[in-house]
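**Q** Coordinates for the following, if possible.
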Amino acid sequence: MHPLFFLALTPLLFTTAAYAVDCDNAADQAAMNQCVAQQHKAADKELNTLYQQINARLKSNPESKKLLIGAQRSWVAFRDAECKFSSAGMEGGSVFALIYSSCVTELTKARVETFKNYLKCQEGDLSCPVPGA
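**A** Here you go, the predicted structure:
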């Protein structure tokens, strides 16, 4: 191979071909997988932000903080087990990753809503585990 030809191609070897996917019109498996991965990343980021906000509100109550940590760990285990179960019929198939990731994303979005409700608690609401701001 001619050295100048190799040097001309070198930048192509070290760049990633990141292309934007139109998730509203994703037509192939790779694009759909990429879209659901993006959706999960966004939902997970929001969940983590809300979790940190709840954690901060519980700073003066170590017992409640401990319960939150335990509940969240149990929820993650449930989410993963539920999605593994619900997508088991597709395991080994090309659509498995899409079905599993969609499940994880939907359950994460539901947990986000639960956390949002916790953060709306009014001061003095004894039925709410997270004190108002």
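**Q** Which single helix of the protein contains the most residues?
**A** What stands out as the longest helix in the chain, according to DSSP state H, is helix 29-57.
**Q** buried residues in that one?
**A** 32-36, 39-40, 43-44, 46-47, 50-51, 53-54, 57 (16 or more other CB atoms under 10 Å). Placement of C-beta: from N, CA and C, glycine included.
**Q** same thing with stretch 88-103?
**A** Going by neighbour count (16+ other CB under 10 Å), the buried part of stretch 88-103 is Ala97, Leu98, Ile99, Tyr100, Ser101, Ser102, Cys103.
**Q** For it, which outside residues touch it?
**A** Contact with stretch 88-103 is made by Gln29, Met32, Asn33, Val36, Ala37, His40, Glu82, Cys83, Lys84, Ser86, Ser87, as judged by CB atoms under 8 Å, 6 or more residues apart in numbering.
**Q** Next, the distance between the ends of that stretch.
**A** One end of stretch 88-103 to the other measures 12 Å (CA to CA, to the nearest Å).
**Q** now it, how far from the centre of its chain.
**A** From the chain centre to the centre of stretch 88-103 is a distance of 16 Å (CA atoms, centre = their mean, to the nearest Å).
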